[in-house]
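In: Can you look at this prediction? I've put the sequence above it.
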Amino acid sequence: MPCKAYYLSPEGNLQRDLTGEEIKAAFESRQGLLWVDITETTEEDGKFLDV
């Protein structure tokens, strides 16, 4: 899944170019701000996005 992902932690630390696992961990933490720009999707990507 081509994407760019950014995560701003509650402490103010900005992470760029997150991996799929890092995106999942940031999302599941329910803290901070997660931004994901998805440029293309496949059916397999839909499973990743189905949360």
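Out: That came through, no problem.
In: And the residue most central in space within the chain, which helix or strand is it part of?
Out: For the chain, the residue nearest the mean C-alpha position is Ile23 (3.3 Å; CA atoms, centre = their mean). Per DSSP states H and E: Ile23 is located in helix 20-29.
In: what's that helix packed up against?
Out: Judged by 3 or more CB pairs under 8 Å, 6 or more residues apart in numbering; DSSP states H and E, the packing partners of helix 20-29 are strand 3-8, strand 33-38. Every residue, glycine included, has its C-beta placed from N, CA and C.
In: Switch those over to a markdown table; also include mean pLDDT and distance to Arg16.
Out: Formatted as a markdown table, the helices and strands packed on helix 20-29 follow (pLDDT from 0 to 100; distance: least, CB to CB, whole Å):
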| stretch | mean pLDDT | distance to Arg16 |
| --- | --- | --- |
| strand 3-8 | 92 | 6 |
| strand 33-38 | 91 | 10 |
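In: Which of these has the highest mean neighbour count?
Out: strand 3-8 (a mean of 16; mean count of other CB atoms under 10 Å).
In: what packs against it?
Out: For strand 3-8, the elements it packs on are strand 14-16, helix 20-29, strand 33-38, judged by 3+ CB pairs under 8 Å, 6+ apart.
In: does the residue nearest to the centre of the chain really touch Ala5, like I thought?
Out: Yes. Under the criterion of CB atoms under 8 Å, Ile23 makes contact with Ala5 at 5.2 Å.
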